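> fold the following for me, if possible:
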Amino acid sequence: MNNLLFYNIAGHEIIIETPEPEVTLKLLPTFDPFRELNSNYDNILFRFRGRSIISIPKTEPSEQLFMEDITFNVYQENDSVTVKMKMRDTDHYFRISAERETVITDLTLTHEYESHFLAYFIRAAFGVLSAYKKTLKIHGSVIEKNGKALVFLGKSGTGKSTHSRLWQQFVPGCTLLNDDEPLIRVMDNGIVRVFGAPWSGSTPCYRNDSAEVSAFVHLYQSTENKLTKITGLKAFTSLFQSCSVMRSSTKNRDQIISIVNDILDRIPVYRLENRPDREAVSLTETLIG
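From the prediction side, this is the model:
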């Protein structure tokens, strides 16, 4: 009989069924701050189960993603989602069930080399399924101060991490909540909160904490510092393009569009043309409160 591991991420519970929990724990070190010892089974996002036989649909993939030496092939069939991940010369698979309650994989959850596959699979499944719980996995960097947060958006290399570091240098009392893939959730009371996650890019920041979002700030490199509020399509595009979206799934895309619009009804979005200096921090510092 499988043993269970419980994790709570952004208020959503993940249950991992594993034959050797102590071994599986070591495969997910960045998940440790999010582990719980038991569950009341009230907020389960999905169950994750290994050692499953997964057959690939006999169709062309509906979506392909490439990340350095990793390739993802995504297959849609009867509302289920199957993903093949190839890293170097090794393939593994996971499948999200049609009812969006179970994720299965061919991983054993016990071999050390499976660590990267396992973390990617859980992260990808979370990104897809949490959208149906008013939660977005986005690409951004988050600074928190006194329970309020700014979420810095922008393409890779535009200075998100740099701006967060400048905040930590010049603004007393602020902390880094996440530096790559935070989670944005519209709570039942309408408040928009940003949560830390077990993934944070190249910066090791795995905080099981959250803050209320004060604003989103889209960064652009410039020779001057200028902060401008943006609205309408520009604001929507800024936030939507920062989201993790399974573009081959109309349901997933529509769900994320709905959440983005809901967030924009509550939270302002700004454009910051900036030099990476103290003056740029002073402009965004006015937004948190």
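> quick one: the closest residue to Trp167 other than its chain neighbours from Cys174, how far?
In this structure, Trp167 finds its nearest non-sequential neighbour in Ile143, 4.6 Å apart by Cβ to Cβ, 6 or more residues apart in numbering. C-beta here means a position set from N, CA and C on the backbone, and glycine is covered the same way. Between Ile143 and Cys174 the computed distance is 5 Å (Cβ to Cβ, to the nearest Å).
> of the two, who's got more company?
Ile143 (28 against 21; other Cβ atoms under 10 Å).
> was I right about that one contacting Ser164?
Yes - counting by Cβ atoms under 8 Å, Ile143 touches Ser164, with 5.3 Å between them.
> anything in contact with each of those two?
152, 176 (Cβ atoms under 8 Å, 6 or more residues apart in numbering).
> any shared contact partners between Ile143 and Cys174?
By Cβ under 8 Å, 6+ apart, Ile143 and Cys174 have these common neighbours: 167-168.
> before we move on, back to that, what sits up against the strand or helix carrying the residue nearest to Trp167?
Using DSSP states H and E, Ile143 maps to strand 141-145. For strand 141-145, contacts defined as Cβ under 8 Å, 6+ apart pick out 149-152, 160-161, 163-164, 167-168, 171, 173-180, 182, 194, 196, 209, 211, 288.
> strand partners (parallel or antiparallel) of it?
strand 148-153 (antiparallel), strand 175-178 (antiparallel) (DSSP bridges).
> in stretch 128-135, what's buried?
Using 16 or more other Cβ atoms under 10 Å as the test for burial, stretch 128-135 gives 128-131, 133-135.
> first vs last residue of that stretch, how far apart are they?
10 Å (Cα to Cα, to the nearest Å).
> how far off centre is that stretch?
Mean-position distance between stretch 128-135 and its chain equals 10 Å (Cα atoms, centre = their mean, to the nearest Å).
> and the residue nearest to Arg95 when sequence neighbours are not counted, how far from His139?
In this structure, Arg95 finds its nearest non-sequential neighbour in Thr82, 4.6 Å apart by Cβ to Cβ, 6+ apart. Noted for Thr82: a distance of 24 Å to His139, by Cβ to Cβ.
> I'd say Ile15 and Leu4 touch.
Yes - at 5.7 Å, Ile15 counts as touching Leu4 under the criterion of Cβ under 8 Å.
> list the residues that contact both of those two?
The contact sets of Ile15 and Leu4 overlap at Ser39 (Cβ under 8 Å, 6+ apart).
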